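**Student:** got a structure for you, letters missing:
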């Protein structure tokens, strides 16, 4: 009896934390799912008594062209950011592997500081950097001879705003991915690299034949995490452009917020959020299944 009670003791200790975490994670999701199945607008928010309408909100979304445009834009946004993040992070991790100790420590410290910078603070700094009259970016480009950027308004053009947001998100994401990949590189025995060099392998061949196969699960995990983080990006886009100009930078999270805030269509906004969760869950599960198989 005594040994059996001891075996239950660790589970009892962690039970409050597990219950609290499950409540904080599951309750908002289940509440959003319920609202997406109801007629829930400003009147229902004030007086209650929302009527159940089933999948009508989802049918309204999927039958309209705007949702598909935003979905396509979100897919492009996610793909561009994730490719750049994984590519740049891989290069930074490989560079860390070959730097001397002092330079490696300095670069890792810089990456950690960039990673620790609050999202809103970093977004505000980027607003200043790309300001049309006093921004450093325009001044630097004009100094280098690109006179067309004199007073250029980055946030008045959809493509330019999209590019600024990509730079911001990549800058914020690279530190985590690069440091994680570098930690993975340190686990690969040096004998494998030395053997590949003795056999005449180039740097690209060594990466393709030794480094990537050894770190394939780690690459898959980082890619999955970055897909989730990038696809659900909201504060950077909202603070910098609020989804504009027009709808040029409106992704699914911003679209859901704009519907709920501007139109008071909380039911439709919740439906968009649930669809985003389903898409991300599908992407994560399929990626993890491939990672486990490999």
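**Tutor:** That came in fine, so what should we check first? Since the model is a prediction, treat every value here as computed from it, not as a measurement.
**Student:** measure residue 26 to residue 91 for me?
**Tutor:** Separation of residue 26 from residue 91 (Cβ to Cβ, to the nearest Å): 39 Å. The way it works is simple: take the backbone N, C-alpha and C, and place the C-beta from them, glycine included.
**Student:** quick one, which of the two is more surrounded?
**Tutor:** Neighbours per residue, other Cβ atoms under 10 Å: of residue 26 and residue 91, the larger number sits with residue 91, 13 against 10.
**Student:** ok so that one is a strand residue?
**Tutor:** No - counting by DSSP: H, G, I helix; E, B strand; the rest coil, residue 91 is not part of a strand but helix.
**Student:** could you point out where the protein is predicted with low confidence?
**Tutor:** Counting by pLDDT under 70, the chain contains low-confidence ranges at 1-6, 291-294.
**Student:** mind listing the strands in it by residue range?
**Tutor:** Secondary structure of the chain (DSSP state E): strands located at 38-39, 51-52.
**Student:** and the first one, how far out from the chain's middle?
**Tutor:** Right, the one you point to is strand 38-39. 30 Å (Cα atoms, centre = their mean, to the nearest Å).
**Student:** Which secondary structure elements does that strand sit against?
**Tutor:** strand 51-52 (3 or more Cβ pairs under 8 Å, 6 or more residues apart in numbering; DSSP states H and E).
**Student:** Just checking: what are the partner strands of the strand it packs on?
**Tutor:** strand 38-39 (antiparallel) (DSSP bridges).
**Student:** quick one: contacts of the strand it pairs with?
**Tutor:** 44, 50-53, 267 (Cβ atoms under 8 Å, 6 or more residues apart in numbering).
**Student:** Stretch 201-213 now?
**Tutor:** If you take Cβ under 8 Å, 6+ apart as the criterion, stretch 201-213 is touched by 94, 185, 188, 192-193, 196-197, 219.
**Student:** Now the buried members of the residues you listed.
**Tutor:** Neighbour counting by 16 or more other Cβ atoms under 10 Å classes 94, 185, 193, 196, 219 among the contacts of stretch 201-213 as buried.
**Student:** In contact with the last one, which residues?
**Tutor:** With contact taken as Cβ under 8 Å, 6+ apart, residue 219 is in contact with 86, 181, 212.
**Student:** Take those residues and keep only those in helices.
**Tutor:** Cross-referencing the contacts of residue 219 against helices under DSSP state H gives 86, 181, 212.
**Student:** and the first one, what does it touch?
**Tutor:** For residue 86, the contact set (Cβ under 8 Å, 6+ apart) comprises 177, 219, 222-223, 226.
**Student:** Residue 272 reaches residue 66, doesn't it?
**Tutor:** No - assessed by Cβ atoms under 8 Å, residue 272 is found out of contact with residue 66, at 10.6 Å.
**Student:** ok, the two, which is more surrounded?
**Tutor:** Set residue 272 next to residue 66 and count neighbours by other Cβ under 10 Å: residue 272 wins out with 27 against 12.
**Student:** Next one: the closest residue in space to the more buried one that isn't next to it in sequence from residue 174, what distance?
**Tutor:** Leaving aside its chain neighbours, residue 272 sits nearest to residue 256 (3.8 Å; criterion: Cβ to Cβ, 6 or more residues apart in numbering). Separation of residue 256 from residue 174 (Cβ to Cβ): 27 Å.
**Student:** do residue 128 as well
**Tutor:** 21 Å.
**Student:** which of these two has more neighbours?
**Tutor:** residue 174 (23 against 11).
**Student:** could you list every residue that touches that one?
**Tutor:** With contact set as Cβ under 8 Å, 6+ apart, residue 174 has these partners: 85, 88-89, 92, 111, 114.
**Student:** Can I get the buried part of those as one PyMOL selection?
**Tutor:** Per 16+ other Cβ under 10 Å, the buried members of the contacts of residue 174 correspond to this PyMOL selection:
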select buried, resi 85+88+89+92+111
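**Student:** mind putting the contacts of residue 174 in TSV, distance to residue 144 included?
**Tutor:** As requested, the contacts of residue 174 are exported to TSV (distance: Cβ to Cβ, whole Å):
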residue	distance to residue 144
85	26
88	22
89	27
92	25
111	27
114	24
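**Student:** of all the contacts of residue 174, which comes closest to residue 243?
**Tutor:** Lowest distance from residue 243 to these (Cβ to Cβ) belongs to residue 85, with 21.8 Å.
**Student:** ok, the closest one to residue 140 distance?
**Tutor:** In terms of Cβ to Cβ, residue 85 sits 24 Å off from residue 140.
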